[in-house]
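>>> pasting the sequence and the predicted coordinates here, then a few questions.
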Amino acid sequence: MVGIEGRYILIKTVHGKQDEVIFQVDPSMDLALQELAKRIFPLCKSFMLINQFVELRSQFKNGLVNHAFAAALRALLLDYQAMVAQLEHQFRLGRLSLQGLWFYCQPMMGSMQALSIVIQKASVNNSSGSAVLNLLQSQAKAMAGDNAVRLLLEKMTQCASNAYLGILERWVYEGVIDDPYGEFFIVENKSLQKESLTQDNDAKYWRHRYSLKDGIPSFLANIAGTILTTGKYLNVMRECGHNVQAPAAENSKLTSFGSNHHYLECIKTAYNFASGELLNLIKDKYDLLGKLRSIKHYLLLDQGDFLVHFMDIARDELAKKPDEVSVEKLQSLLDLALRTTAAAADPFHEDLTCVVERSSLLKRLGSIKVSVSSQSSTGNNDLEEPVSITGLETFSLSYKVRWPLSIVLSRKALTKYQLIFRFLFHCKYVDRQLCGAWQVHQGVRSLNTRGTAISRSSLLCRSMLKFINSLLHYLTFEVIEPNWHVMYNRLQSAKSIDEVIQHHDFFLDKCLRECLLLLPELLKKVERLKSMCLQYAAATQWLISSSIVIHNPEESVDGSIGLSKTKQLKSGKLSQALKSTTRSAAVTDAVLKFEREFNSELLNLGSVLSSSSQAEPYLTHLAQWLLGVRSE
């Protein structure tokens, strides 16, 4: 019964895939006694398996759970050996028979058998940590009909899980992984540092610095995500230098068993504490909402006075090729624009920086990894227009974001802001150029240009201005503003930093999609229209100067004579000059070509918007604005 051979019974180990212990009984024994003895052999075999497991699993390399389990088994074996000693004492007194031995062994048979099953499975799979706990729990459920065995297995699980829960306690109360043998179900990737949030376009730090791995204990499976998040929040606060002190409670010690599931309450309390503390820290001390408002002012052009000033003073620099643009000069001009406009009142305006990209917006959209079904590899190759680009197409703003705000405003989020900014910035530039062309037309309003190429050009300029203004109105008042207010209200009521990240990312993705930046077919048509507007604006001065030649009347001392000469010029010579010069075929053809191509592209865009609006309802607003432009 304690693994020592006797005169009639021999112990043999059969080596193979799995070592098997066999008891051989002397065949000369009475058959009835042999059968009676064989009933007790399973108990003897269980003892030997358990004893061997205790010796092997007490080594350091096998982990804390195995150490604790082996210690609990050792206590059980002491009870078993005490029982054997008592039986031997009865035997020496001549009071013990085989039938009596069988009777006294009954209470231990089921318990030892159930434990030997767990041990065999653990040995075959070389289990450690949560795998051992799961084996014990599943065996306890399997023995639900035998109350005594089930209670023993639950006690063993509790003893074995104490060490595991010690690791868990440090994680949910301090945010520290104290796991020397790699048993915990949360793994830390030390290669990812918090600084990577400002450089990594995939924002891996927050999702992958700490992550769940296989082998979660079954009693923690439903709350594993909460446990992971709790420790992550505590880590952030500790790395901010914030004193993390979980509220002291009498029953904060985690115990895995009990009818009230006390450990679940402890974990939820720890999560609520960590979540609330971190949210208050980021909202109050680091002013997350103020930072977001500031980013909206600049990257979403909420307050555009600084931009008007900047575009005026940086016009020459932005007209250069991207490789020739001086970022340092642009930065100094931006600082000047910020200091001399209303932006100077913003406490965060110094965090704004200039960036000059190396590719156009279309090509940049094709290169970034956007998980949108409409963005296919074949579509990307088609996006880049074969035109020379300048700083105007590649200029962008960036923002310095420090830890811990970089959790929300990661490099990935800032890239999305920059894509929206570049689109808005170029639309504003097109609008300014068209406004300049409109002013040129207004300068010749006093002349009788009815029926000439100038009047035709004036109508075209008005149509182009309505197009770009309608587009800007849609982007700002139909997309960005409503979505921003929805996000802002959600952030006010958010209960955790993960909710904040989720709402913020949802806002950015929705803006990208509704601003057409994730719809390459539509975006390409809009860019084509913008390009035509710029070409027309650049040609306006030539169109006007080629159409009319104004001969200034000679100045006269006599006001009445000068006045009569002016009247005569306006009524006679200038009218004749206009009639003769406005018949220039080149000018008329140029205006008609611009008008024909613009109207064709606009009509084409309207039809695509109308057909796409069934799948993307938000395009209905844009279609209404642009088609309204067309009808007028």
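That came in fine, so what should we check first?

>>> not counting residues beside it along the chain, what's closest to residue 604?
The spatially closest residue to residue 604, leaving aside those adjacent along the chain, is residue 525, at 6.6 Å (Cβ to Cβ, 6 or more residues apart in numbering). From N, CA and C alone the C-beta is placed, and that goes for glycine too.

>>> how many other residues sit next to the one you found?
19 (other Cβ atoms under 10 Å).

>>> look up how far residue 607 lies from it.
According to Cβ to Cβ, to the nearest Å, residue 525 stands 10 Å off from residue 607.

>>> go on, residue 340?
Taking Cβ to Cβ as the criterion, residue 340 is separated from residue 607 by 46 Å.

>>> which of the residues in the host helix or strand of residue 276 are buried?
Element membership for residue 276 (DSSP states H and E) is helix 262-280. Using 16 or more other Cβ atoms under 10 Å as the burial criterion, the residues of helix 262-280 that qualify are 262-264, 266-267, 269-271, 273-275, 277-279.

>>> any chance of JSON lines for the residues you listed, columns distance to residue 220 and pLDDT?
Below are those laid out as JSON lines (distance: Cβ to Cβ, whole Å; pLDDT from 0 to 100):
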{"residue": "262", "distance to residue 220": "13", "pLDDT": "75"}
{"residue": "263", "distance to residue 220": "8", "pLDDT": "78"}
{"residue": "264", "distance to residue 220": "9", "pLDDT": "81"}
{"residue": "266", "distance to residue 220": "12", "pLDDT": "83"}
{"residue": "267", "distance to residue 220": "8", "pLDDT": "84"}
{"residue": "269", "distance to residue 220": "16", "pLDDT": "85"}
{"residue": "270", "distance to residue 220": "13", "pLDDT": "85"}
{"residue": "271", "distance to residue 220": "13", "pLDDT": "85"}
{"residue": "273", "distance to residue 220": "19", "pLDDT": "86"}
{"residue": "274", "distance to residue 220": "17", "pLDDT": "85"}
{"residue": "275", "distance to residue 220": "19", "pLDDT": "85"}
{"residue": "277", "distance to residue 220": "23", "pLDDT": "85"}
{"residue": "278", "distance to residue 220": "22", "pLDDT": "85"}
{"residue": "279", "distance to residue 220": "25", "pLDDT": "86"}
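
>>> farthest-separated two in those?
Greatest spatial distance in the buried residues of helix 262-280: 262 and 279, 26.2 Å, computed using Cβ to Cβ.

>>> residues near residue 626, how many?
Around residue 626 there are 23 other residues, counting by other Cβ under 10 Å.

>>> check contacts around it.
The neighbours of residue 626, taking Cβ atoms under 8 Å, 6 or more residues apart in numbering as the test, are 467, 470, 471, 602, 605, 606, 609.

>>> can you verify my assumption that the fifth one contacts residue 524?
The one in question is residue 605. No: taking contacts as Cβ atoms under 8 Å, residue 605 lies outside contact range of residue 524: 9.9 Å.

>>> neighbour-wise, which of these two wins?
More neighbours sit around residue 605 than around the other of residue 605 and residue 524, counting by other Cβ under 10 Å; the figures are 22 against 18.

>>> report the separation between the residue nearest to that one when sequence neighbours are not counted and residue 303.
Computed as Cβ to Cβ, 6+ apart, the closest residue to residue 605 that is not its neighbour in sequence is residue 525, at 4.6 Å. Applying Cβ to Cβ, the value for residue 525 to residue 303 is 30 Å.
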